[in-house]
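In: what's the 3D shape of this:
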Amino acid sequence: MKTSTFTQAIVLPISFFHLLLFLSLPSPSTGAADDLKCNSNDKNALLQIKQGLNNPDNLADWVPTTDCCSWFGVECDTGKVTSLRISDREVSGQISPAIGNLQYLRFLDISFLTNLTGTIPSTITRLTRLEILGLYGNKLSGPIPPSLGNFKSLRLLDLSYNLFSGSIPSSLSKLPSILGIDLGHNRLTGPIPESFGHFVGKTPDLFLSNNFLSGPVPKSLGYVNFSSEINLSSNNLTGDPTFLFGKNKTVITVELSSNLFEFDLSNVAFPDSLKNLLLDHNKIFGRLPEGLTQLKLQSLDVSYNNLCGKIPQGGILQRFAPMQYSNNKCLCGAPLPACST
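Out: Sure thing, here's the model as predicted:
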């Protein structure tokens, strides 16, 4: 669910995952974290990163004669750079391969830079301590490097709102500590990797919306439990993904809107934890199951499908606007017009 916003030239929606990423990052600092000055290797790497960004005015305090632990967006621990955050800036350029020389880096957030282009440098995988990797809201392109699956400590990976193309690397399932992956709003093609049903650690929340993914959802995803959210909306996915549901699951939000899914909704059992269910703009048929009345839903959208029958009475289903049920084959009953007898 969308809970907050960042702004660039336009307002972009940010999910709970983005909010978690944002809150996990230290605040940009203008003072050193300790009495030790940052080591020379880190300073040289930062200066190369600044050069790769064409020495923007808003990084004017990044100068060789000052302690880099006092530079804007830089955090240190015992003189070593552990956090780098450059966001919401008028910046053109590319990410320098020197990023890989910040060997103590744990938090990296390079986001919403107006014209950050190029690819993800291969050297980034040398950051073996990295826990947060946020490169969202830029114009980065090319394939997502399979080597990103080599991170051992990475908890959050956000590459959304870029121009990445090609397939999703199956190697991302090898991330043992990952809690959330957001690859939404790119140009990714091909199927969802079957390996995403076999993460080596806890199954992360997964955001793959607004790409060009195709084919059926791998059945392996039915054997895992998404603790909070899965968002596959606005792709070209097909088939029957109802194995994502089930009374034994604990998922809170499922977004499958704007795909080519075609299945009978009549007998689907939903988990009691479900609060947000978005199925609009598909080819779903059958009736709305009575079990929906038992859920404490906060949002529901089944519009633009082929559903029929009377909307179940009870619970909060009648509190949703008619438009959330509109443009179905023969769905009727409050909040839609009464069914014909």
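
In: and the longest strand for the protein?
Out: strand 80-94 (DSSP state E).

In: quick check on the nearest residue to Glu229 once chain neighbours are set aside: phi, psi?
Out: Leaving aside its chain neighbours, Glu229 sits nearest to Thr253 (4.1 Å; criterion: CB to CB, 6 or more residues apart in numbering). Where C-beta positions appear, they are placed from N, C-alpha and C, glycine not excepted. Note on Thr253: backbone dihedrals following degrees, to the nearest 10 are phi -130, psi 130.

In: list the contacts of Thr253.
Out: Shown in contact with Thr253 (CB atoms under 8 Å, 6 or more residues apart in numbering): Met1, Ser228, Glu229, Ile230, Asn231, Leu274, Lys275, Asn276.

In: by pLDDT, give me the weakest of the residues you listed.
Out: Among these, Met1 carries the weakest pLDDT, at 32.

In: beta-bridge partners for Leu237, please?
Out: Gly215 (DSSP bridges).

In: give me the distance from stretch 47-59 to the chain's centre.
Out: Distance, stretch centre to chain centre, for stretch 47-59: 28 Å (CA atoms, centre = their mean, to the nearest Å).

In: please apply the same query to stretch 121-139.
Out: 15 Å.

In: hey, C-alpha coordinates of it in CSV?
Out: As requested, C-alpha coordinates have been extracted for stretch 121-139 and formatted as CSV (Å, rounded to 0.1, in the frame of the first residue of the first chain):
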residue,chain,number,x,y,z
PRO,A,121,28.9,-0.6,-11.7
SER,A,122,30.1,-4.2,-11.3
THR,A,123,32.4,-3.0,-8.5
ILE,A,124,29.3,-2.5,-6.3
THR,A,125,29.4,-6.2,-5.3
ARG,A,126,32.7,-5.5,-3.5
LEU,A,127,30.6,-3.8,-0.8
THR,A,128,30.4,-7.0,1.3
ARG,A,129,29.0,-5.2,4.4
LEU,A,130,26.1,-3.6,2.5
GLU,A,131,22.7,-3.9,4.2
ILE,A,132,20.6,-1.3,2.3
LEU,A,133,20.9,-0.6,-1.4
GLY,A,134,18.6,2.0,-2.8
LEU,A,135,19.1,3.3,-6.4
TYR,A,136,15.5,4.2,-7.1
GLY,A,137,14.0,7.1,-9.0
ASN,A,138,16.9,7.6,-11.5
LYS,A,139,17.5,6.9,-15.2
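
In: thinking again about what came up before, with just CA atoms, put the longest strand of the chain into PDB.
Out: Provided in PDB are the C-alpha atoms of strand 80-94 (Å, rounded to 0.1, in the frame of the first residue of the first chain):
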ATOM      1  CA  LYS A  80      35.300   4.800   8.000                       C
ATOM      2  CA  VAL A  81      32.400   5.800   5.700                       C
ATOM      3  CA  THR A  82      29.500   3.500   6.600                       C
ATOM      4  CA  SER A  83      26.600   5.500   5.000                       C
ATOM      5  CA  LEU A  84      26.300   7.500   1.700                       C
ATOM      6  CA  ARG A  85      23.100   9.200   0.800                       C
ATOM      7  CA  ILE A  86      22.700  11.500  -2.200                       C
ATOM      8  CA  SER A  87      19.100  12.100  -3.100                       C
ATOM      9  CA  ASP A  88      16.600  14.700  -4.500                       C
ATOM     10  CA  ARG A  89      19.300  16.600  -6.300                       C
ATOM     11  CA  GLU A  90      19.800  18.300  -9.700                       C
ATOM     12  CA  VAL A  91      22.500  15.900 -10.800                       C
ATOM     13  CA  SER A  92      23.700  14.500 -14.100                       C
ATOM     14  CA  GLY A  93      26.300  11.800 -14.500                       C
ATOM     15  CA  GLN A  94      26.900   8.200 -13.700                       C
END
